[in-house]
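Visitor: Any chance you could fold what I've pasted below:
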Amino acid sequence: MSKVSISSGFVEQPDQLLERWSRSAFSCFLLLILFNTLFPFDFSFTRSAAEVIQSFYWGFSGASALKEIARNALLFLPFGFSLASVLRQKKLSRWQKFGAIVLITAAFACVLEILQSFLPARTSSLSDIVARTAGGSFGALCFQGWGTAILRFIVDRGDRLKRYLSIHGLAAAFLGYLLFVCIVTGSLRSGTSLSNWDQSFPLILGNEHTGDRPWQGYITEVQIADRAVTIAEIEQSFRQLHLTTVARDSLIASYRLTSEGGYFDQTGQSPKLRWVTQPQNAPNTKGVLLTVDRWLETETAATVLSERLRKTSQFTLSVIAATLNVSQRGPARIVSLSNNPYERNFTLGQKGSDLIFRLRTPVTGKNGSSPDLTIPNVFTDQDFHHLIVTYDGSVIRFYVDQFDRLYALEYSPRIILSQYMLPLENWNIRLSDSTLVYAIAYYSVIFIPLGCLIGLIAAVSRGRSRFYRLLALGGILIPVLLIEGILERGNLAKMQPENLLLAVAFAASAALIANLFFKQRLHQRS
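Guide: Predicted structure coming up:
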């Protein structure tokens, strides 16, 4: 039987389509896997080979094990399918091709796990390698069984799609997508409030309420205000070593911990602190000594504190503390407004020599760990450090010992979208590193589809030069300005040129490539 020629606006024959599709699909799935498994690409190549092996989790147990296995298998299924289509012309038997795909997938999965061991936000495990290999192998089997049928389905649908393409329909799709992006961006923008804070949590110093995240060190003072103090007030606070003068009317908790027992809130609005397990025997001018065996927490829930901060969605936290161990784990809790290791309003902690902060918002979750915020190398000695954290409902700032040693991060959709794009269980952002990678991820996800729609519209409207020029200018610039306006809450002065250029670059590049791709295929005749 002779080979049937399938004529369409896209291709001339199935074999030609399959060859083009195979290369393109394999490249896309490869990039998708690299992005999904290695984001945010903040590699720290400091581990030895022995440490890499020790960092692997070799078991298959865990509460989320089945979910992770399924996710990894599904991630690699299209990889195996497209790899099988690439290898279809090789002069090998069916089972030789299948064996080659299994080996390639397993090797690729091993390389990814090794690379993940150098990422602070990732963990490496044998179960991931097995699941990914199984997913890729099953994808190869799917191609062997149904690859031709799937190809014919794509060709048939592509030919039908061409007949229904119109300027009006594509314009409606463009406007619908733009509206969807604006709604998503606006909802993410409003998801940084403290509206989901729990009012039943106690304030705890040196541990969790459950006693399983102990911190070892001294705390001299803890103060909390219900607004974000200004930079000038921060400078004055460091000179006076407390917030009392600059934020007197805003303080809702102020504990001076240099006397024995009776640790009352000097504002009278938060509960008294009490010792858990073993009390400190004698007063200490250094403050309270917190250890594995003893810590402090409020006698009742810090309800007023949580209510006030929930209402304002702002706060300032001032802590003077010194660690006794420069390599604590947990993270070990220094100050925490929480109920257990997995539910909190905020936590200031120590992990290794780094300062860790978790903040609960509608988008960061009940544990506030999506993401963990890390300020590196704060506890490299056992000296006292004055730490001030401010949050204004959007931007969180950390000051360490002086007002010009500042670390800051904006909880913007550019950051927040990452947790929806990627299932990061241990997502950590080091505030000393650039967050450009998150902006690139955000703008690529938002503006590449938008640019592709513009390119398709331009291809369909070939010959209408005036329309194309208007589309190129308005179809790219207006959405960019609109979305950036939502990100900056309508404040045009806060728009950053580099973000605008990044957005325009992604949209314009995608539009150009899509236009060239669709123009050739939409006007091709057999």
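Visitor: where in the stretch 251-400 of the chain is pLDDT low?
Guide: By pLDDT under 70, the low-scoring segments of the stretch 251-400 of the chain are 259-262, 280-284.
Visitor: Do a quick rundown of the helices in it.
Guide: For the stretch 251-400 of the chain, applying DSSP state H, counting those that start in this stretch gives helices covering 303-312.
Visitor: What segments of it are strands?
Guide: 251-256, 273-277, 288-290, 294-298, 315-323, 328-340, 343-352, 354-359, 372-375, 385-391, 395-400 (DSSP state E, counting those that start in this stretch).
Visitor: tell me what the second one is packed against?
Guide: Using 3 or more Cβ pairs under 8 Å, 6 or more residues apart in numbering; DSSP states H and E as the contact criterion, the secondary-structure elements in contact with strand 273-277 are strand 294-298. In this view, the C-beta of every residue, glycine as well, is placed from N, C-alpha and C.
Visitor: Please apply the same query to the fifth one.
Guide: Under the contact criterion of 3+ Cβ pairs under 8 Å, 6+ apart, strand 315-323 touches strand 217-225, strand 328-340, strand 343-352, strand 385-391.
Visitor: Apply 10 Å and report the result again.
Guide: Under the contact criterion of 3 or more Cβ pairs under 10 Å, 6 or more residues apart in numbering; DSSP states H and E, the helices and strands touching strand 315-323 comprise strand 217-225, helix 231-240, strand 251-256, helix 303-312, strand 328-340, strand 343-352, strand 385-391, strand 395-400.
Visitor: again with the last one
Guide: With contacts defined as 3+ Cβ pairs under 10 Å, 6+ apart, the packing partners of strand 395-400 are helix 231-240, strand 315-323, strand 354-359, strand 372-375, strand 385-391, strand 406-410.
Visitor: quick one, it and strand 315-323 angle?
Guide: With axes from the mean of the first three to the mean of the last three Cα atoms, to 10 degrees defining the directions, strand 395-400 sits at 30 degrees from strand 315-323.
Visitor: List the buried residues of strand 395-400.
Guide: For strand 395-400, the neighbour count (16 or more other Cβ atoms under 10 Å) marks 396-400 as buried.
Visitor: Just say which of the helices and strands packed on strand 315-323 is most tucked in.
Guide: strand 217-225 (a mean of 24; mean count of other Cβ atoms under 10 Å).
Visitor: Now it: average pLDDT?
Guide: In this model, strand 217-225 has an average pLDDT of 95.
Visitor: Please compute how far it lies from its chain's middle.
Guide: Relative to the mean C-alpha coordinate of its chain, strand 217-225 is positioned 30 Å out (Cα atoms, centre = their mean, to the nearest Å).
Visitor: same thing with stretch 317-336?
Guide: Here stretch 317-336 shows a centroid-to-chain-centroid distance of 24 Å under the convention Cα atoms, centre = their mean.
Visitor: what does stretch 383-393 give?
Guide: Between the centre of stretch 383-393 and the centre of its host chain there is 23 Å, according to Cα atoms, centre = their mean.
Visitor: now swap in stretch 115-123 and tell me
Guide: On Cα atoms, centre = their mean, the centre of stretch 115-123 falls 14 Å from that of its chain.
Visitor: okay, how far is it across it, tip to tip?
Guide: Using Cα to Cα, to the nearest Å, the end-to-end distance of stretch 115-123 comes out at 10 Å.
Visitor: what stretches of the stretch 51-200 of the chain score poorly on pLDDT?
Guide: Across the stretch 51-200 of the chain, residues meeting the criterion (pLDDT under 70) sit at 58-65, 120-121, 148, 151-165.
Visitor: repeat that for 80
Guide: Counting by pLDDT under 80, the ranges of the stretch 51-200 of the chain that qualify are 51-68, 88-92, 119-124, 145, 147-169, 189-190.
Visitor: ranges for the helices of it?
Guide: When secondary structure is read from DSSP H, counting those that start in this stretch, the stretch 51-200 of the chain shows helices at 65-86, 94-116, 126-164, 167-189.
Visitor: Can you check what angle separates the shortest one from helix 94-116?
Guide: Which is helix 65-86. With the same axes, to 10 degrees as the criterion, the two stretches helix 65-86 and helix 94-116 enclose an angle of 130 degrees.
Visitor: mind listing what's buried in helix 65-86?
Guide: By neighbour count, with 16+ other Cβ under 10 Å as the criterion, the buried positions of helix 65-86 are 68-69, 71-73, 75-86.
Visitor: Could you do the last one as well?
Guide: For helix 167-189, burial by neighbour count (16+ other Cβ under 10 Å) applies to 170, 174, 177-178, 181, 184-185, 188-189.
Visitor: any idea of the mean pLDDT in the very next helix or strand once past that helix?
Guide: Next helix or strand after helix 167-189 toward the C-terminus (DSSP states H and E): strand 203-205. This predicted structure assigns strand 203-205 an average pLDDT of 96.
Visitor: before we move on, back to that, got CSV for the helices and strands packed on strand 315-323, with distance to Gly136 too?
Guide: Output for the helices and strands packed on strand 315-323, formatted as CSV (distance: least, Cβ to Cβ, whole Å):
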stretch, distance to Gly136
strand 217-225, 48
helix 231-240, 53
strand 251-256, 54
helix 303-312, 47
strand 328-340, 36
strand 343-352, 35
strand 385-391, 44
strand 395-400, 40
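Visitor: Tell me which of these sits nearest to Trp146.
Guide: Shortest separation from Trp146 across those is recorded for strand 343-352, at 46.1 Å, computed as Cβ to Cβ.
Visitor: neighbouring strands for that closest one, and are they parallel or not?
Guide: Strand 343-352 sits in its sheet next to strand 328-340 (antiparallel), strand 354-359 (antiparallel), going by DSSP bridges.
Visitor: any chance of the ones you listed in JSON lines, plus distance to Thr123?
Guide: Rendered in JSON lines, the data for the strands paired with strand 343-352 read as follows (distance: least, Cβ to Cβ, whole Å):
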{"stretch": "strand 328-340", "distance to Thr123": "15"}
{"stretch": "strand 354-359", "distance to Thr123": "17"}
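Visitor: And the ones you listed: which comes nearest Ser193?
Guide: Distances from Ser193 to each of the strands paired with strand 343-352 were compared using Cβ to Cβ; the minimum, 11.1 Å, belongs to strand 354-359.
Visitor: Could you tell me the angle between the closest one and strand 406-410?
Guide: Using the same axes, to 10 degrees, the interaxial angle of strand 354-359 with respect to strand 406-410 works out to 30 degrees.
Visitor: in strand 354-359, what's buried?
Guide: Of the residues in strand 354-359, those buried by neighbour count under the rule 16+ other Cβ under 10 Å are 354-359.
Visitor: Format those residues as CSV; extra columns: distance to Gly368.
Guide: Formatted as CSV, the entries for the buried residues of strand 354-359 read as follows, by distance: Cβ to Cβ, whole Å:
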residue, distance to Gly368
Asp354, 16
Leu355, 15
Ile356, 10
Phe357, 8
Arg358, 4
Leu359, 5
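Visitor: before we move on, the earlier item: dump the helices of the stretch 51-200 of the chain into JSON lines; add distance to Asn196 as well.
Guide: Rendered in JSON lines, the data for these read as follows (distance: least, Cβ to Cβ, whole Å):
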{"stretch": "helix 65-86", "distance to Asn196": "24"}
{"stretch": "helix 94-116", "distance to Asn196": "31"}
{"stretch": "helix 126-164", "distance to Asn196": "32"}
{"stretch": "helix 167-189", "distance to Asn196": "14"}
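Visitor: which one of those lies closest to Phe26?
Guide: Shortest distance between Phe26 and the helices of the stretch 51-200 of the chain, using Cβ to Cβ, is found for helix 65-86: 4.1 Å.
Visitor: For the closest one, list the C-alpha coordinates in CSV.
Guide: Taking only C-alpha atoms (Å, rounded to 0.1, in the frame of the first residue of the first chain), the coordinates of helix 65-86 have been written out as CSV:
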residue,chain,number,x,y,z
ALA,A,65,5.7,10.4,48.5
LEU,A,66,2.9,9.1,46.2
LYS,A,67,2.1,12.7,45.1
GLU,A,68,5.8,13.4,44.2
ILE,A,69,6.2,10.0,42.4
ALA,A,70,3.1,10.7,40.3
ARG,A,71,4.2,14.3,39.5
ASN,A,72,7.7,13.2,38.4
ALA,A,73,6.3,10.3,36.3
LEU,A,74,3.9,12.6,34.5
LEU,A,75,6.6,15.3,34.0
PHE,A,76,8.8,12.7,32.1
LEU,A,77,6.0,11.0,30.2
PRO,A,78,6.0,13.5,27.3
PHE,A,79,9.8,13.5,27.4
GLY,A,80,9.9,9.8,26.7
PHE,A,81,7.1,10.1,24.1
SER,A,82,9.0,12.8,22.1
LEU,A,83,12.3,11.0,22.5
ALA,A,84,10.8,7.9,21.0
SER,A,85,9.6,9.9,18.1
VAL,A,86,13.1,11.4,17.5
